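S.K.: next one to model:
(2 chains)
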Amino acid sequence: RKEVEQDPGPFNVPEGATVAFNCTYSNSASQSFFWYRQDCRKEPKLLMSVYSSGNEDGRFTAQLNRASQYISLLIRDSKLSDSATYLCVVNSNTGNQFYFGTGTSLTVIP
Amino acid sequence: GAVVSQHPSWVICKSGTSVKIECRSLDFQATTMFWYRQFPKQSLMLMATSNEGSKATYEQGVEKDKFLINHASLTLSTLTVTSAHPEDSSFYICSARVDRGVGQFNYGYTFGSGTRLTVV
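M.R.: Residues are numbered from 1 along each chain as shown, chains lettered A, B, ... in the order given. So this is what the prediction gives:
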């Protein structure tokens, strides 16, 4: 079983829509969780860390569900500039290893 | 913020030649550097982890004699693809751990800009 599993999409949504991505992880001892954004042929960039209590940053909301071992990312009022691949990342319980999901492709359509 | 400078960003080489990729931490000390590879439409896959002054730890299936990693200083790590072949063509990217003090999120990771290697 993969460490991190993510629906690759693609998700094609109209501007202004709300879209949500889920990502499951296999290691229940995982400690840290992140969402990264990757534009085509560029390096991944940190979008949000995911806190146990959930956290919000503008139009973006991240949630962690430890019981079901998944993290989610909600994007409200989608913008054209949100089009990218969103990677969920789980840090191992030893702290020094990143596991990446395959990424979910989002295209926001005018 | 912490910046990792990676170069070259793009390289084409002939089959059988070697290519060196450098990652430099510009405003912090990178004690740990991770090297990833990403094939088209696939996830980033960890190749190896290097700690300054010691030998790199390679992931299963990654040939250590083919992908030479050197992390001789706290600001420089290099990946050399030796005797490159077309199947080595990929996007290579480094990532450094950045320590920020105490607390649950007392560290982060910053990525280099990546190197697109094409072997012909």
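S.K.: A:Gly16 and A:Ser78 touch, don't they?
M.R.: Yes - A:Gly16 is within contact range of A:Ser78, at 6.3 Å (criterion: Cβ atoms under 8 Å). Heads up, the C-betas are built off the backbone N, CA and C, glycines and all.
S.K.: what about the two, which has more around it?
M.R.: Regarding A:Gly16 and A:Ser78, a neighbour count based on other Cβ atoms under 10 Å in any protein chain shown identifies A:Ser78 as having more, with 21 against 10.
S.K.: list of residues touching the host helix or strand of A:Ser72?
M.R.: Using DSSP states H and E, A:Ser72 sits within strand A:70-75. Contacts made with strand A:70-75 from outside it, assessed by Cβ atoms under 8 Å, 6 or more residues apart in numbering or on different chains, are listed as A:18-25, A:33, A:35, A:47-48, A:50, A:59-65, A:82, A:86, A:88, A:90, A:106.
S.K.: how far off centre is the helix or strand just after that strand?
M.R.: Per DSSP H and E, strand A:70-75 leads on to strand A:84-91 as the next helix or strand towards the C-terminus. Chain-centre distance of strand A:84-91: 5 Å, with Cα atoms, centre = their mean, to the nearest Å.
S.K.: mind saving the C-alpha coords of strand A:84-91 as PDB?
M.R.: Presented in PDB, the C-alpha positions along strand A:84-91 are these (Å, rounded to 0.1, in the frame of the first residue of the first chain):
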ATOM      1  CA  ALA A  84      -2.200  23.800 -10.700                       C
ATOM      2  CA  THR A  85      -1.400  20.400  -9.300                       C
ATOM      3  CA  TYR A  86      -2.000  20.000  -5.600                       C
ATOM      4  CA  LEU A  87       0.200  17.600  -3.700                       C
ATOM      5  CA  CYS A  88      -0.500  16.300  -0.300                       C
ATOM      6  CA  VAL A  89       2.600  15.500   1.700                       C
ATOM      7  CA  VAL A  90       2.900  13.500   4.800                       C
ATOM      8  CA  ASN A  91       6.000  13.500   7.000                       C
END
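S.K.: who touches whichever helix or strand comes after that strand?
M.R.: Next along the chain after strand A:84-91, taking DSSP H and E as the criterion, comes strand A:98-100. Contact with strand A:98-100 is made by A:3-4, A:25, A:36, A:87-92, B:34, B:43-46, B:95, B:109, as judged by Cβ under 8 Å, 6+ apart.
S.K.: perfect, I'm done here.
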